[in-house]
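S.K.: could you look at this predicted model? Sequence included:
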Amino acid sequence: MTKFMLKCFGLVTLLLFGVLFGIQKAQFEMNELKSPSQENVESLINLSSVESDTESETVTSHDIKSKQETLKKIDSFNVFSALGQKLSSWISSTFSVMISVFGIIIQEMLDVFSP
């Protein structure tokens, strides 16, 4: 029995250290991926701010409003989105009916067993 417990403890300890090592390695890799891209993003932000200063004279609020109106007019239909909305409404209505039925059943059982 003690051999079994020692083996289990050893395996659990090994797995725990493996998980901790994996988490640490993933964090290190994420930091490695993030570091060079941060410099690129900062340089792009600086470039876009310089470009936006020169373009701000040409862009008017009327252009922005017209673009917003055209975006509102474009009402693209997404089949998967509509299907997901209908499915979620069906599921939520089904669960609300099931909960109310279970509530009624429990209420009736409590009424029967109460003195």
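M.R.: Cool, got the structure. Predicted model only: the values in this text are computed from it and were never measured.

S.K.: now the helices: where do they sit in this protein?
M.R.: In the chain, the helices defined using DSSP state H lie at 2-55, 61-73, 79-113.

S.K.: what residues does the second one touch?
M.R.: This means helix 61-73. For helix 61-73, there are no surrounding residues in contact (C-beta atoms under 8 Å, 6 or more residues apart in numbering). Every residue, glycine included, has its C-beta placed from N, CA and C.

S.K.: now it: buried residues?
M.R.: The neighbour-count check on helix 61-73 (16 or more other C-beta atoms under 10 Å) flags nothing as buried.

S.K.: then it to CSV, C-alphas only?
M.R.: What follows is helix 61-73 as a C-alpha-only set of coordinates in CSV (Å, rounded to 0.1, in the frame of the first residue of the first chain):
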residue,chain,number,x,y,z
SER,A,61,-17.3,65.8,-40.7
HIS,A,62,-19.7,65.6,-43.7
ASP,A,63,-17.5,62.8,-45.2
ILE,A,64,-17.6,60.9,-41.9
LYS,A,65,-21.4,61.3,-41.6
SER,A,66,-21.9,60.1,-45.2
LYS,A,67,-19.8,57.0,-44.5
GLN,A,68,-21.7,56.2,-41.4
GLU,A,69,-25.0,56.5,-43.3
THR,A,70,-23.7,54.1,-46.0
LEU,A,71,-22.6,51.7,-43.3
LYS,A,72,-26.0,51.8,-41.8
LYS,A,73,-27.7,51.1,-45.2
